[in-house]
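> how would this look folded up:
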Amino acid sequence: MTKIAIIYARFGPYHVARLRGAAAMGADNGWETIGIEVCPDDRVYAWDKVSNHGTSRCIGLLDGCEYSDCTWREIAAAVTAALAKEMPDVVVSPGWAFSESIAAAKWCRRNNKKSILMSESCKWDKKRVWWSEWFKRQRVGLFDAALVGGSPHADYLVELGMPRDRIAYGHNIVDNNYFAIQSEKAKAQKKNLRIALELPEQYMLASGRFVSIKNFKRLLQAYRLYRSQSGERSIALVICGDGMVRKELQELAKDIGISSFVYWPGFIQYDRLPDYYALADFFIAPSTVEPWGLVVNEAMTCGLPVIVSKRCGCAYDLVEEGVNGFTVDPYSVEDMAAAMLKMSSGEADLKRMGKESERIIAKWTPETFAKGLWWAIETAGGSLKEN
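Prediction:
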């Protein structure tokens, strides 16, 4: 039996969806999927722990540790020891910059195993300098093939030396079935849910950590401009999430006169997220830096039209301009406000656009991840046939 180890720093709902997709395909094809979680108790994201990972086994390495508090030596040693014990045929690692990924790739080289890189970096994520790019090329060269989010991620990886014919797509997915089913249940009880969650009759939705790159300051300013242009047709703004700039954002909303129209439900756990999508009119992702933007996947799976920043990696594969949404310049308050106005003025057919979102996102599922992973392993020269 071929044994595949998939490594992440911590398993959140998104990672578990991928693990389950790979494990389901593996169960049908004679290969075993093992999850390796570097820091199971890391709290960068406030997700509740997920007990059912869908894999045959899940191995936690540095229990009780915050990822940011661990040295690269500690992480590398823990990963190397786990791989030496399990002896997987293929190791799948997240990104070229993380200690666990480099340790895993080097272990694969020493032991004649296949190493697959999962990458969601775009060239324009941040300012690039020549010496850093040279260093990345050396690291990318350690991997046999790659699984990426979408087209801009593949383009950047090619620049770093990975042959295009060794790059598969489908890394950035969510559990589509879960969001589709749960949002339909929520829509069936809209009236009661609105009351229970204290949500307005109509609203646009945004969601994310309250950090600067999520660009919620400009979102608030764009929303103020939108309200000045739309008048009585204005709808509310709901921003789910929490973080270090929460107070600053709420003070800004008050200072610019929109606080009574903006709702702050806080960080929403996975089991309640579909409720907020189900009751929304459309979704907006305004980030200035976003390698992908899985919240867009979630929103589209729940049947929402989307407004997505051109700096979100998913924009190039998930948004068909004017069909299921609009892309915007995240640095332009005017651009964002204009898109909001299109969505809420009646100019856009939101029901039709939501159906188009469902059509597009149906191609990006846990099965997509599993098929892409299978392809990457076969392309790397590995074998997924039962021994």
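> before we move on, what SS does the nearest residue in space to residue 94 that is not next to it in sequence have?
Nearest in space to residue 94, with sequence neighbours left out and distances taken as Cβ to Cβ, 6 or more residues apart in numbering, is residue 118 at 4.8 Å. No exception for glycine: its C-beta is placed from N, CA and C like everyone else's. Under DSSP: H, G, I helix; E, B strand; the rest coil, residue 118 falls in the strand class.
> I'd assumed residue 171 was in contact with residue 118.
Yes - using Cβ atoms under 8 Å, residue 118 is in contact with residue 171, at 5.2 Å.
> between these two, what contacts are shared?
Both residue 118 and residue 171 are in contact with 147, 148, where contact means Cβ atoms under 8 Å, 6 or more residues apart in numbering.
> thinking again about what came up before, next up, the contacts around the residue nearest to residue 94.
Here residue 118 is in contact with 92, 93, 94, 95, 146, 147, 148, 171 (Cβ under 8 Å, 6+ apart).
> Please flag which of those residues sit within strands.
92, 93, 94, 146, 147, 148 (DSSP state E).
> Nearest residue to the middle of the protein?
By Cα atoms, centre = their mean, the chain has its centre lying nearest to residue 294, at 3.0 Å.
> Output the below-cut-off pLDDT ranges for the stretch 1-150 of the chain.
51-56 (pLDDT under 70).
> Could you pull out the helices in the stretch 201-350 of the chain for me?
Taking DSSP state H, counting those that start in this stretch as the test, the helices found in the stretch 201-350 of the chain are 216-230, 246-255, 273-279, 294-301, 315-318, 333-344, 350-361.
> so which of those gets nearest residue 31?
Taking Cβ to Cβ, helix 294-301 is the member of the helices of the stretch 201-350 of the chain nearest to residue 31, at 26.0 Å.
> ok so, going back, who wins for proximity to residue 79 among the helices of the stretch 201-350 of the chain?
Comparing these by Cβ to Cβ, helix 294-301 comes nearest, at 24.5 Å.
> Which strands or helices does that closest one pack on?
With contacts taken as 3 or more Cβ pairs under 8 Å, 6 or more residues apart in numbering; DSSP states H and E, helix 294-301 sits against helix 176-187, helix 273-279, strand 282-285, strand 306-309, helix 315-318, helix 350-361.
> tell me the mean pLDDT over the first one?
This predicted structure assigns helix 176-187 an average pLDDT of 96.
> Kindly report the same for the second one.
The average pLDDT for helix 273-279 rounds to 97.
> From here on, call the first residue 47.
All set: I'll call the first residue 47, so the last point we hit is now helix 319-325.
> Pull the residues that contact stretch 297-314.
Residues outside stretch 297-314 that contact it (Cβ under 8 Å, 6+ apart): 92, 243-246, 249, 253, 263, 266-267, 269-270, 273, 280, 282-288, 292, 296, 322.
> Tell me where the stretch 47-196 of the chain has helices.
59-75, 118-132, 145-157, 176-186.
> what domains does the record give for this structure?
Each domain of the chain is listed here as a residue range: 48-219+411-425, 222-407, per automatic domain parsing.
> next one: the shortest one to chain centre, how far?
Computed by Cα atoms, centre = their mean, to the nearest Å, the separation of domain 222-407 from the middle of its chain amounts to 15 Å.
> Endpoint to endpoint, that domain covers what distance?
End-to-end distance for domain 222-407, by Cα to Cα, to the nearest Å: 8 Å.
> ok, now stretch 312-322?
Separation of the first and last residues of stretch 312-322 by Cα to Cα is 12 Å.
> before we move on, back to that, from residue 192, how far off is the residue nearest to residue 140?
Distance, residue 164 to residue 192, using Cβ to Cβ, to the nearest Å: 7 Å.
> cool, and residue 296?
41 Å.
> Surely residue 129 and residue 151 touch.
No - assessed by Cβ under 8 Å, residue 129 is found out of contact with residue 151, at 10.6 Å.
> joint contacts of those two?
residue 137.
> now the helices and strands packed on helix 340-347 in CSV, with mean neighbour count and distance to residue 186?
Putting those into CSV (neighbours: other Cβ atoms under 10 Å; distance: least, Cβ to Cβ, whole Å) gives the following:
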stretch, mean neighbour count, distance to residue 186
helix 222-233, 18, 30
helix 319-325, 23, 34
strand 328-331, 28, 28
strand 352-355, 29, 27
helix 361-364, 22, 21
helix 396-407, 18, 29
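> so which of these comes closest to residue 372?
When those are compared by Cβ to Cβ, strand 352-355 sits nearest residue 372, at 5.3 Å.
> ok, what's across the strand from residue 103?
Listed by DSSP bridges, the beta-bridge partners for residue 103 are residue 80.
> returning to what we had before: what about residue 296 and residue 192, which has more around it?
For the pair residue 296 and residue 192, the greater number of neighbours falls to residue 192 (30 against 16), based on other Cβ atoms under 10 Å.
> Okay then, goodbye and thanks.
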